[in-house]
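Asker: Make a model of this:
(one chain, ligands or ions: 2)
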Amino acid sequence: MKILIKEGKIINPKKREERIADILIDKGKIVKIAPRINCAGIEREINAAGKIVMPTLVDMHVHLREPGREDKETVATGTKAALAGGVTTVLAMPNTEPAIDSREAVKLLKEIIKEKAHSDVLISAAITKGRKGNELVDIENLAKEGVKAITDDGSSVDDSQLMLKAFEQAKKNDILVICHSEDRSLAKKGVLNLGFSSTCLGLRGIPKSAEFERVARDIRLAEEAEARIHIAHVSCKESVEIISQAKKRGVGVSAETAPHYFSLSEEDLWGFDTNKKINPPLRTQADSFAIKQALKEGVIDLIASDHAPHTENEKDIEFQRAEFGTIGLETALAVAATELIQGKFLDWPDLVNKFTVKPAEVLGIAKPEIREGREAALIVFDPVKEWVVEENNFFSKSKNSCFLGKKLKGKIEMVFYKGRFI
Ligand SMILES: [Zn+2]
Ligand SMILES: [Zn+2]
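Answerer: Ligands and ions are numbered 1, 2, ... in the order given. Prediction:
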């Protein structure tokens, strides 16, 4: 089937270029990119004038919840949500029930993915058995099974000696360590950022030090082991400074943030909206600005959703008891476009780079691009269309979005993947 996408502004993040041209797709492959393609036998023509055409995205922080918490999300529903968000590769987090901490667990998950997934799913495994922080998993065997990274995401490994060993093993087996950097002895039972809002609302706060002290420790340990380290969900200015200094020293550190950290702040919690209860918590407006600046300067390499689905029972309760987390796969690109493009922090090639080439680099997979000869995996994005995030439109099984009711500018019009439009 021949498809022609006409006059779209094509973004190629790898070369950081943008140009207006036509794209001819035949049998799922890009066969020609040129201005004004005329060709016989076109079965579908898409007018993309005024639209952005970009490669599909890689999201390296996604909780698919399967096995064990299929009431929140499944591989099937989570990857459908991914496609709706223009994401065709996700890295699944291992804090399932049971946790992905053995070869057997990885094999089981691979079976589920093979049968049910609508997008590509890469697997990460836990750092410690059962994510309990006591005993390392068999990193060598898990690497042989093809896991892309290890992480105890959801918590941090408190035992520094154990964490150092994890880095050493990871280095030996050339595997990435992703750090959920949180010192629980500092976070205690806090439910939002410690500061003005926590005082006014009379709720227990989480100090920023709970994050940045652990970011500093994790980086120092990785540095000592000469291992690669990726810092998940950076939320505050101090963490940015620590990462920036480490990069200057030549440490193999990369970092991600999630859209809520640069689009919302602690003031958004004044309505006690539990969908905005996230860990690490929404910080101050100054932090949100620092995150945007860090994305601009490249200190934060990439954007991931930290898609964390929870059921209504876990969210529609009083603030203190509600679970931490927000879904994000289906809104990430539009939120980023609204905040970072409209706010003039990034241009299109830079923004797309942070959703495609950068995560692909960190994960060591092929870099998404729109090029002749490659399989067509692309998004047609309307940069001016305004829309409001609504519960009923999510493909995710859970509806706990911190962006419900938010007006966004820019909307995915269609996604082309594996030979068809979605
Ligand atoms: Zn986390
Ligand atoms: Zn997470």
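
Asker: helix, strand or coil for the closest residue to residue 100 other than its chain neighbours?
Answerer: The spatially closest residue to residue 100, leaving aside those adjacent along the chain, is residue 94, at 3.7 Å (C-beta to C-beta, 6 or more residues apart in numbering). Where C-beta positions appear, they are placed from N, C-alpha and C, glycine not excepted. Assigned with DSSP: H, G, I helix; E, B strand; the rest coil, residue 94 falls in the coil class.

Asker: swap in the one 3 residues further on?
Answerer: Under three-state DSSP, residue 97 falls in the coil class.

Asker: which ones are touching it?
Answerer: 67-69 (C-beta atoms under 8 Å, 6 or more residues apart in numbering).

Asker: And residue 179, by the same measure?
Answerer: 151, 156, 214-215, 218, 229-232.

Asker: among the contacts of residue 97, which ones are buried?
Answerer: If you count burial by 16 or more other C-beta atoms under 10 Å, the buried members of the contacts of residue 97 come out as 67, 69.

Asker: between the contacts of residue 97, which is closest to residue 392?
Answerer: residue 69 (22.6 Å; C-beta to C-beta).

Asker: Now the stretch 51-200 of the chain against ligand 2: closest residue?
Answerer: Nearest residue of the stretch 51-200 of the chain to ligand 2: residue 153, at 4.5 Å (C-beta to the ion).

Asker: Which residue is the nearest non-sequential neighbour of that residue?
Answerer: For residue 153, ignoring the flanking residues on the chain, the nearest one in space by C-beta to C-beta, 6+ apart is residue 180 at 4.4 Å.

Asker: Could you pick out the residues of the stretch 151-300 of the chain near ligand 1 for me?
Answerer: For the stretch 151-300 of the chain, the residues in contact with ligand 1 (C-beta under 5 Å from the ion) are 153, 180.

Asker: Which residues of the stretch 151-300 of the chain lie near ligand 2?
Answerer: residue 153.

Asker: Strands along the stretch 151-300 of the chain, start to end?
Answerer: Counting by DSSP state E, counting those that start in this stretch, the segments of the stretch 151-300 of the chain that form strands are 176-179, 192-193, 205-206, 229-231, 253-257.

Asker: would you turn those strands into CSV with mean pLDDT?
Answerer: Output for these, formatted as CSV (pLDDT from 0 to 100):
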stretch, mean pLDDT
strand 176-179, 98
strand 192-193, 98
strand 205-206, 98
strand 229-231, 98
strand 253-257, 98
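
Asker: Export those strands to TSV and append columns for distance to residue 124.
Answerer: Formatted as TSV, these follow (distance: least, C-beta to C-beta, whole Å):
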stretch	distance to residue 124
strand 176-179	7
strand 192-193	27
strand 205-206	25
strand 229-231	10
strand 253-257	13
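
Asker: So which of these is nearest residue 387?
Answerer: strand 253-257 (23.2 Å).

Asker: re the thing from before, what is the neighbour count of the residue nearest to residue 153?
Answerer: 24 (other C-beta atoms under 10 Å).

Asker: Correct me if wrong: it contacts residue 152.
Answerer: Yes. Counting by C-beta atoms under 8 Å, residue 180 touches residue 152, with 6.5 Å between them.

Asker: shared neighbours, the two?
Answerer: Contacts common to residue 180 and residue 152, judged by C-beta under 8 Å, 6+ apart, are absent.

Asker: By proximity to ligand 1, which residue of this protein wins?
Answerer: For the chain, C-beta to the ion, closest residue to ligand 1: residue 180, 3.5 Å.

Asker: State whether residue 140 is indeed within a helix.
Answerer: Yes. Looking at residue 140 with three-state DSSP, it is inside a helix.

Asker: helix, strand or coil for residue 354?
Answerer: Using three-state DSSP, the secondary structure recorded for residue 354 is helix.

Asker: What pLDDT does the model give it?
Answerer: Predicted confidence (pLDDT) at residue 354: the value is 98.

Asker: Next, the contact list for it, please.
Answerer: 295, 301-303, 336, 346.

Asker: which bits of the stretch 301-422 of the chain sit near ligand 2?
Answerer: Residues of the stretch 301-422 of the chain found near ligand 2 (C-beta under 5 Å from the ion) are residue 306.

Asker: Helices along the stretch 301-422 of the chain, start to end?
Answerer: 312-315, 332-336, 348-355, 357-363 (DSSP state H, counting those that start in this stretch).

Asker: just to revisit the earlier point, dump the contacts of residue 179 into CSV; add neighbour count as well.
Answerer: Converted to CSV, the contacts of residue 179 look like this (neighbours: other C-beta atoms under 10 Å):
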residue, neighbour count
151, 27
156, 25
214, 24
215, 28
218, 26
229, 26
230, 25
231, 28
232, 23
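
Asker: Looking at those, spot the one nearest ligand 2.
Answerer: For those, the minimum distance to ligand 2 (C-beta to the ion) is 6.4 Å, reached by residue 232.

Asker: what pLDDT does the residue in the stretch 301-422 of the chain positioned nearest to ligand 2 get?
Answerer: Nearest residue of the stretch 301-422 of the chain to ligand 2 (C-beta to the ion) works out as residue 306 at 4.5 Å. For residue 306, the model assigns a pLDDT of 98.

Asker: same deal with the one 5 residues further on?
Answerer: According to the model's per-residue confidence, residue 311 sits at a pLDDT of 97.

Asker: you'd agree it is up against residue 398?
Answerer: Yes. Using C-beta under 8 Å, residue 311 is in contact with residue 398, at 6.3 Å.

Asker: what residues are shared contacts of the two?
Answerer: Contacts common to residue 311 and residue 398, judged by C-beta under 8 Å, 6+ apart, are residue 72.

Asker: Which one of those two is surrounded by more residues?
Answerer: Comparing residue 311 with residue 398 by neighbour count (other C-beta under 10 Å), the higher total belongs to residue 398, at 26 against 16.

Asker: Now that one: closest residue in space, sequence neighbours ignored.
Answerer: Spatial nearest neighbour of residue 398, excluding adjacent residues (C-beta to C-beta, 6+ apart): residue 309 at 3.4 Å.

Asker: And for the residue of the stretch 301-422 of the chain closest to ligand 2, the neighbour number?
Answerer: With other C-beta under 10 Å as criterion, residue 306 counts 30.

Asker: about what we covered before: the residue nearest to residue 100 contacts residue 101, doesn't it?
Answerer: Yes. Look at residue 94 against residue 101 with C-beta under 8 Å: they come within range, at 7.0 Å.

Asker: Quickly list what's touching both of the two.
Answerer: 125-126, 131.
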